[in-house]
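**Q** Output the structure for:
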Amino acid sequence: MKTIEINLYEFTELTEEKQNNVLYELHDINVRDDWWENVYRDAKLAGVTIKSFSWGRDAEINIHVDNLLITAIYITESWGEECLGVSASYDYLRDSNDIAYIVELEEMFLDELEQELEYLMTPEAVKRFIIFNECLFTDDGKLYNA
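**A** Just a heads-up that it's a prediction; the model follows:
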């Protein structure tokens, strides 16, 4: 039997250079699993089901809306004025243009997904994940997987 002793460090104990390397190496740690769950949940609360989406240059989304009127009322009553989709929901309640509103909802939820993805890959979000999950690192700044 062999016993191996390893020094492990919290993120804040690493040098600034090693911290920067960790943030670079783990830039996608927040998006390795179901990172879109929060946006899907928000959509579901509004009566919208996101069936599929893709991001990047050819970004697309496929949604189903249970009831446009109920969705518009929910969004105008539940979301802040600065949120995407609120003005489109007011427009729908005034004009009842189903096709235009569905297009607005698609754009809104696709934009939310893209913003969520971008944020989760920022150094700030990666650092928050590392600290919250109490990740430990070896002398050379590599993530320790026990």
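**Q** which residues in this structure form strands?
**A** 9-10, 48-54, 60-65, 136-137 (DSSP state E).
**Q** ranking the ones you listed by burial, who's on top?
**A** strand 136-137 (a mean of 19; mean count of other C-beta atoms under 10 Å). C-beta: built from backbone N, CA, C; applies to glycine.
**Q** how distant is that one from the center of its chain?
**A** Taking C-alpha atoms, centre = their mean, to the nearest Å, one finds strand 136-137 lying 25 Å from the centre of the chain it belongs to.
**Q** pLDDT averaged over it - what is it?
**A** Confidence for strand 136-137, expressed as mean pLDDT, is 96.
**Q** Identify the residues contacting that strand?
**A** Identification of contacts with strand 136-137 by C-beta atoms under 8 Å, 6 or more residues apart in numbering yields 8-11, 14, 18, 22, 143-144, 146.
**Q** related to what we said a few turns ago, distance to residue 108 added to the strands of the chain, as a markdown table?
**A** Formatted as a markdown table, the strands of the chain follow (distance: least, C-beta to C-beta, whole Å):
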| stretch | distance to residue 108 |
| --- | --- |
| strand 9-10 | 39 |
| strand 48-54 | 9 |
| strand 60-65 | 9 |
| strand 136-137 | 39 |
